[in-house]
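J.: Turn this into a structure:
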Amino acid sequence: MLVKTYGSAVFGIEATTITIEVSISQGFAFFLVGLPDSAVKESQQRIESALRSNNHKMPGRKVVINMAPADIRKEGSAYDLPLAIGILAADEQLNDQKIGDYIIMGELSLDGSILPIKGTLPIAIQARKEGFKGFIVPAENAREAAVVNKLDVYGVSDIKQVIDFFEGRGNLKPTEVDTRAEFYNAVADTELDFADVKGQEKVKRALEIAAAGAHNAIMVGPPGAGKTMMAKRLPGILPPLTLQEALETTKIHSVVGKIDRNTSLMTSRPFRSPHHTISDVALVGGGAFPQPGEISLAHNGVLFLDELPEFQRTVLEVLRQPIEDRRITISRAKFTVDYPANFMLVSSMNPCPCGYFNHPTKDCVCSVPVRQRYLNKISGPLLDRIDIHSEITPVPFEDLSKQPTAETSADIRKRVIKAREIQQKRFEGTDIYANAQMSSRLLRRHVEIDEGGKQILKTATDRLGFSARAYDRILKVSRTIADLEGSEKVQTHHLAEAINYRTLDRENWAG
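T.: Sure thing, here's the model as predicted:
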């Protein structure tokens with residue numbers, strides 16, 4: 001007898017439906033074809049033990065299973081459940097009338113319990129798109145899949161529940177999630193607040209501008225000045241995720257299995273802070289079987305690189321193209337995978353190896369060549385792509401000992417949202433949503449400079465040797481500063497402030 005069940009394979013962040021054809025005939029053998037990897041091939045032993053533990057048995061005849069399309073590699077143990085159900089149906093141990101209406105995925109334990117899988121959300125989206133009635137998924141993944149409406153999602157904890165469901169027994173109910181209600185109830189939650197940061201008003205201002213225009217930023221200052229503390233609070237002043245952005249972000253995290261089991265949808269912007277020992281593949285994505293890297297996990301959020309010069313130079317250089325294109329393409333001989341990578345790059349560094357250059361009270365022990373070598377670990381082309389350079393000095397004792405009176409993240413966020421609304425209206429009808437993403441053509445259209453502004457820019461360019469890219473980024477930052485003030489035109493003082501945020505472009509900054 002021939003029976004078909006349906007599973008799914010995830011490539012990039014999109015799913016492809018896999019048809020699992022099970023044929024049982026005379027003889028005694030077990031064949032599994034259709035380009036399965038080792039984990040899929042090993043499913044025979046898991047299935048056999050799981051069936052035996054639940055009073056069923058493997059057929060004592062020839063079993064041939066084809067996973068179509070046969071030219072797509074099938075990876076992982078998530079096919080155990082559809083394979084097992086297909087075998088039972090083909091051996092007439094199970095009613096097969098409803099099986100074709102459902103996508104079935106899950107890893108089997110030897111006792112028949114079902115373990116969680118990765119990539120549930122993109123699979124559910126594809127199942128709805130292709131008109132399947134429902135999706136049978138491990139119980140731990142049910143809330144994640146139930147985000148997709150018009151699709152019945154059944155969370156199961158063991159294979160017996162699945163067998164009873166297809167036999168019309170039991171009381172398995174679809175998992176229901178009010179996606180919009182849950183999303184809007186949690187979307188404004190922020191754990192870390194800028195009100196906790198004492199002093200550092202200049203840096204807070206720089207980060208507010210960065211958030212308002214989605215600009216990349218770097219903070220330079222001695223140890224303990226608050227660089228990491230402020231970077232961690234940046235997502236709290238970014239505009240809340242839209243429902244569409246939340247779905248995109250959740251899909252990426254679902255593919256790598258980083259969704260909290262009690263969460264149906266990510267409601268806060270991601271903040272990724274990889275250690276400086278990270279490899280270039282782990283940062284941008286890839287591998288023998290490509291997976292999203294840290295830049296994609298930071299999609300719609302913040303990628304924070306602490307102690308930037310400590311990262312390998314080759315790792316930092318691979319960031320250059322994704323920063324510009326907002327996506328990364330992983331190419332292999334047989335396929336190409338695209339991952340979104342629309343992130344804000346925020347980084348921090350000490351001004352020198354000892355950390356105390358330009359410190360108001362401590363002496364630096366580094367020579368000029370040592371400081372220069374330290375800064376040269378970061379290439380000019382990468383620094384060019386960072387819009388805002390902010391110098392940090394330690395907070396005086398008088399400020400540390402005061403009761404906190406700083407603005408809250410909620411107050412700053414209101415101004416950021418207002419500036420973003422201006423930008424959304426400005427770029428309506430395009431795929432651009434913030435000033436940092438403006439092309440040269442849009443820059444000329446939306447940033448008009450008067451004679452005073454041109455003179456300031458000319459003087460700064462002559463003295464500091466700005467590149468053409470740095471020049472464009474100054475204009476973008478000045479446009480954001482004007483938006484924060486509600487000014488229709490970019491004025492001279494907006495340009496002057498934007499130029500001040502190019503600290504590392506200054507000749508002989510390190511001495």
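J.: roughly how far is the helix or strand in which residue 372 is found from the heart of the chain?
T.: Assigned by DSSP states H and E, residue 372 belongs to helix 368-375. Distance, stretch centre to chain centre, for helix 368-375: 34 Å (Cα atoms, centre = their mean, to the nearest Å).
J.: Only the buried residues of that helix, if you could.
T.: 370-371, 374-375 (16 or more other Cβ atoms under 10 Å). Quick note: C-beta positions are derived from backbone N, CA and C, even for glycine.
J.: need these in a markdown table with pLDDT and distance to residue 143, can you?
T.: Shown next, in a markdown table, are the buried residues of helix 368-375 (pLDDT from 0 to 100; distance: Cβ to Cβ, whole Å):
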| residue | pLDDT | distance to residue 143 |
| --- | --- | --- |
| 370 | 91 | 54 |
| 371 | 88 | 52 |
| 374 | 89 | 48 |
| 375 | 85 | 48 |
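J.: Farthest pair within the residues you listed?
T.: The distance between the two most remote of the buried residues of helix 368-375 (Cβ to Cβ) is 10.0 Å, for 370 and 375.
J.: still on that earlier bit, just list what the helix holding residue 372 packs against, helices and strands only.
T.: On a contact count with 3 or more Cβ pairs under 8 Å, 6 or more residues apart in numbering; DSSP states H and E, helix 368-375 meets no helix or strand.
J.: Helix or strand next in line after that helix, which one?
T.: helix 380-384.
J.: helices and strands around that following helix, which ones?
T.: Helix 380-384 sits against helix 468-485, with contacts defined as 3+ Cβ pairs under 8 Å, 6+ apart.
J.: Show residues contacting the helix it packs on.
T.: With contacts defined as Cβ atoms under 8 Å, 6 or more residues apart in numbering, helix 468-485 is touched by 208-209, 212-213, 215, 384-385, 387-388, 415, 418-419, 422-423, 435-436, 438, 440, 443, 446-447, 449, 457, 460-461, 466, 488-491, 494-495, 497-499, 501-502, 505.
J.: List the buried residues for it?
T.: Residues 470, 472-484 are the ones in helix 468-485 that count as buried (16+ other Cβ under 10 Å).
J.: For these, could you give me a markdown table that also reports pLDDT and distance to residue 257?
T.: A markdown table is the format used below for those (pLDDT from 0 to 100; distance: Cβ to Cβ, whole Å):
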| residue | pLDDT | distance to residue 257 |
| --- | --- | --- |
| 470 | 87 | 40 |
| 472 | 91 | 39 |
| 473 | 92 | 37 |
| 474 | 93 | 42 |
| 475 | 94 | 42 |
| 476 | 95 | 37 |
| 477 | 95 | 38 |
| 478 | 95 | 43 |
| 479 | 96 | 40 |
| 480 | 96 | 36 |
| 481 | 96 | 41 |
| 482 | 95 | 43 |
| 483 | 95 | 39 |
| 484 | 96 | 39 |
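J.: Residue 249 belongs to a strand, doesn't it?
T.: No - using DSSP: H, G, I helix; E, B strand; the rest coil, the assignment for residue 249 is helix, not a strand.
J.: That one and residue 314: what is the separation?
T.: Separation of residue 249 from residue 314 (Cβ to Cβ, to the nearest Å) stands at 28 Å.
J.: When the two are compared, which one has more neighbours?
T.: residue 249 (25 against 9; other Cβ atoms under 10 Å).
J.: quick one: contacts for that one?
T.: Residue 249 is in contact with 241, 266, 269-270, 299-301, counting by Cβ under 8 Å, 6+ apart.
J.: Try it again at 10 Å.
T.: Going by Cβ atoms under 10 Å, 6 or more residues apart in numbering, residue 249 touches 241, 265-270, 296-301, 340, 342.
J.: And residue 295, by the same measure?
T.: Per Cβ under 10 Å, 6+ apart, neighbours of residue 295: 272, 274, 283-285, 303, 318-319, 322-323, 326-328, 339-343, 345.
J.: hmm, back to that, just the buried members of the contacts of helix 468-485?
T.: Buried members of the contacts of helix 468-485, scored by 16+ other Cβ under 10 Å, are 208-209, 212-213, 215, 384-385, 387-388, 415, 419, 422-423, 435-436, 438, 443, 446-447, 449, 457, 460-461, 466, 490-491, 494-495, 497-499, 501-502, 505.
J.: Of those residues, which belong to helices?
T.: Among these, the members found in helices (DSSP state H) are 208-209, 212-213, 384, 415, 419, 422-423, 443, 446, 457, 460-461, 494-495, 497-499.
J.: which strand in this protein runs the most residues?
T.: Secondary structure of the chain per DSSP state E: the longest strand is strand 14-25.
J.: Pull the distance from stretch 316-329 to the chain's centre.
T.: Centroid separation between stretch 316-329 and its chain, computed with Cα atoms, centre = their mean, is 14 Å.
J.: How about stretch 302-310?
T.: Centroid displacement of stretch 302-310 relative to its chain, using Cα atoms, centre = their mean, is 16 Å.
J.: Then stretch 254-269?
T.: 11 Å.
J.: first to last residue in it, what's the distance?
T.: 15 Å (Cα to Cα, to the nearest Å).
J.: Identify each buried residue in it, please.
T.: Neighbour-count burial for stretch 254-269, counted by 16+ other Cβ under 10 Å, picks out 254-256, 259, 264-269.
J.: for the record, mean pLDDT for it?
T.: When pLDDT is averaged over stretch 254-269, the result is 83.
J.: mind exporting stretch 115-131 as CSV, just the C-alpha atoms?
T.: Presented in CSV, the C-alpha positions along stretch 115-131 are these (Å, rounded to 0.1, in the frame of the first residue of the first chain):
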residue,chain,number,x,y,z
LEU,A,115,10.8,16.5,21.3
PRO,A,116,10.8,20.1,20.0
ILE,A,117,12.1,21.1,16.6
LYS,A,118,13.5,24.3,14.9
GLY,A,119,11.9,26.4,12.2
THR,A,120,8.3,26.0,13.3
LEU,A,121,7.1,29.5,12.3
PRO,A,122,8.2,29.4,8.7
ILE,A,123,6.8,25.9,8.3
ALA,A,124,3.4,27.0,9.6
ILE,A,125,3.4,30.1,7.3
GLN,A,126,4.1,27.8,4.3
ALA,A,127,1.5,25.3,5.4
ARG,A,128,-1.2,28.0,5.4
LYS,A,129,0.0,29.3,2.1
GLU,A,130,-0.4,25.8,0.5
GLY,A,131,-3.8,25.3,1.9
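J.: Distance check, the residue nearest to residue 488 when sequence neighbours are not counted against residue 203.
T.: Nearest residue to residue 488, sequence neighbours excluded (Cβ to Cβ, 6 or more residues apart in numbering): residue 482, at 7.7 Å. Using Cβ to Cβ, one obtains 21 Å as the distance from residue 482 to residue 203.
J.: cool, residue 335 as well?
T.: Counting by Cβ to Cβ - residue 335 and residue 203 are separated by 44 Å.
J.: between those two, which one's more packed in?
T.: Neighbours per residue (other Cβ under 10 Å) separate residue 335 from residue 203, with residue 203 holding more: 21 against 12.
J.: Select from the contacts of residue 249 every entry located in strands.
T.: Cross-referencing the contacts of residue 249 against strands under DSSP E gives residue 340.
J.: nearest to residue 168, of the contacts of residue 249?
T.: Using Cβ to Cβ, residue 265 is the member of these that lies nearest residue 168, at 32.5 Å.
J.: re the thing from before, can you say which of the contacts of residue 295 are buried?
T.: Among the contacts of residue 295, those classed as buried by 16+ other Cβ under 10 Å are 272, 274, 283-285, 303, 318-319, 322-323, 328, 339-343, 345.
J.: about what we covered before: which one of the buried residues of stretch 254-269 is nearest residue 19?
T.: Closest to residue 19, out of all of the buried residues of stretch 254-269 and judged by Cβ to Cβ, is residue 255, at 21.6 Å.
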